[in-house]
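Q: Here is a sequence with its predicted model. Questions after.
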Amino acid sequence: MKTAELYRYQIPIETGVVLRHRRLKCREGLLLCLRENGNTGWGEIAPLPEFSQEDLITAEQQTRTWIADWLLQKKAEIEPLAPSVAFGISCALAELRNTLGDHGNYRTAPLCYGDPDALYAKLNRIEGEKVAKMKVGLYEANRDGLLAEMCLTAIPDLKLRLDANRMWTLEKALLFARKISLENRKRIQFIEEPCQTADLSRQFAAETGIAIAWDESVREPDFVVKKEPNLAACVIKPTLVGSIEKCVKLIEQIHQQGMTAVISSSIESSLGLTQLARLAHQYTPNTTPGLDTLNLMQSQLLRSWQGSDLPIADLNSPFITKLAI
Ligand SMILES: O=C(O)CCC(=O)c1ccccc1C(=O)O
Ligand SMILES: [Mg+2]
């Protein structure tokens, strides 16, 4: 016997530094619950405005069509569906079939804003590898460089990930790099997409010796995983990429080429975020994932992120509405 339930959620959010000028006031999405033979699986389907190609209406339509086929035992393919839909459904199926381990990697790279005191406090709470992430490219390149240099100097065992989201010209990127001492550059694990084009980012890396990572590029239609000089990592945001199976294939290709695969948040609720932590534990066990986005929300949904004090909204909460199917 198969059953399915579909819910819609809306939670207030302050995306601040993470999404910068593209602020979101409310995160919304769908929660899918599948039941079969006494097993249950949940998935979150939450297209991220301005990043996902699909909107929530399209995602809901695709989800409903898929549910109808699944309930009728019809062949219900997920690969052709929009990435957020394929990812959420694949999570629900993975829980149903017990193919997603329970254990999660909750040691994420804390997002920091260039204040070493605040960063100290955050880092003291994590054990093992001290790795933090800083968004750059919004303010003066000089300022970003000074802040990164200050953090690297103040915390000698800190490794830093930076993310410029393609904001810089090559000149600005070089201004940034000029502020970072050659010694400290080695502790920049990578900077995600420093420049407006991939070629300029490559040039930046070659000139400065600072490693780069692809994030936006990974989601471009003609993207192929290929190791190149100074390319250290590829970022995978499953809600923007697609099913678990598709993400795992990408991760395998990235590892085969000797690079790091970093599982990262698309600002899912604690439900999706804990599943990402479980994926990270299972498929990228040696890499700290980029999942420090829960605190942008005032509430968790259904499941608790390890160590979080935020209240947990259940199915009766005003944040969640049951949809008829
Ligand atoms: O990757 C992380 O560590 C946090 C998530 C993050 O930065 C992000 C979240 C949503 C959309 C885009 C981005 C981004 O990497 O630019
Ligand atoms: Mg990024």
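A: Great, that's in hand. Numbering: from 1, shown residues only. Ligands and ions are numbered 1, 2, ... in the order given.

Q: Please count neighbours and contacts with C-alpha atoms only from this point.
A: Fine.

Q: residue ranges of the helices in the stretch 51-200 of the chain, please?
A: For the stretch 51-200 of the chain, the helices defined by DSSP state H, counting those that start in this stretch occupy 56-71, 83-96, 116-124, 141-154, 170-178, 182-185, 198-208.

Q: Render the CA-only coordinates of the fourth one in PDB, please.
A: Output of helix 141-154 as PDB, limited to C-alpha atoms (Å, rounded to 0.1, in the frame of the first residue of the first chain):
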ATOM      1  CA  ALA A 141      37.900  44.600  -3.000                       C
ATOM      2  CA  ASN A 142      40.600  46.200  -0.700                       C
ATOM      3  CA  ARG A 143      38.300  45.900   2.300                       C
ATOM      4  CA  ASP A 144      37.600  42.200   1.500                       C
ATOM      5  CA  GLY A 145      41.300  41.600   1.200                       C
ATOM      6  CA  LEU A 146      42.100  43.300   4.500                       C
ATOM      7  CA  LEU A 147      39.400  41.300   6.400                       C
ATOM      8  CA  ALA A 148      40.400  38.000   5.000                       C
ATOM      9  CA  GLU A 149      44.100  38.800   5.800                       C
ATOM     10  CA  MET A 150      43.100  39.800   9.300                       C
ATOM     11  CA  CYS A 151      41.200  36.600  10.000                       C
ATOM     12  CA  LEU A 152      44.000  34.400   8.500                       C
ATOM     13  CA  THR A 153      46.600  36.200  10.600                       C
ATOM     14  CA  ALA A 154      44.600  36.200  13.800                       C
END
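
Q: Return the distance of stretch 254-265 from the chain's centre.
A: With Cα atoms, centre = their mean, to the nearest Å as the basis, stretch 254-265 stands 13 Å off its chain's centre.

Q: same question, stretch 261-274
A: Remark: stretch 261-274 is offset 5 Å from the chain centroid, using Cα atoms, centre = their mean.

Q: distance between the ends of that stretch?
A: End-to-end distance for stretch 261-274: 18 Å, by Cα to Cα, to the nearest Å.
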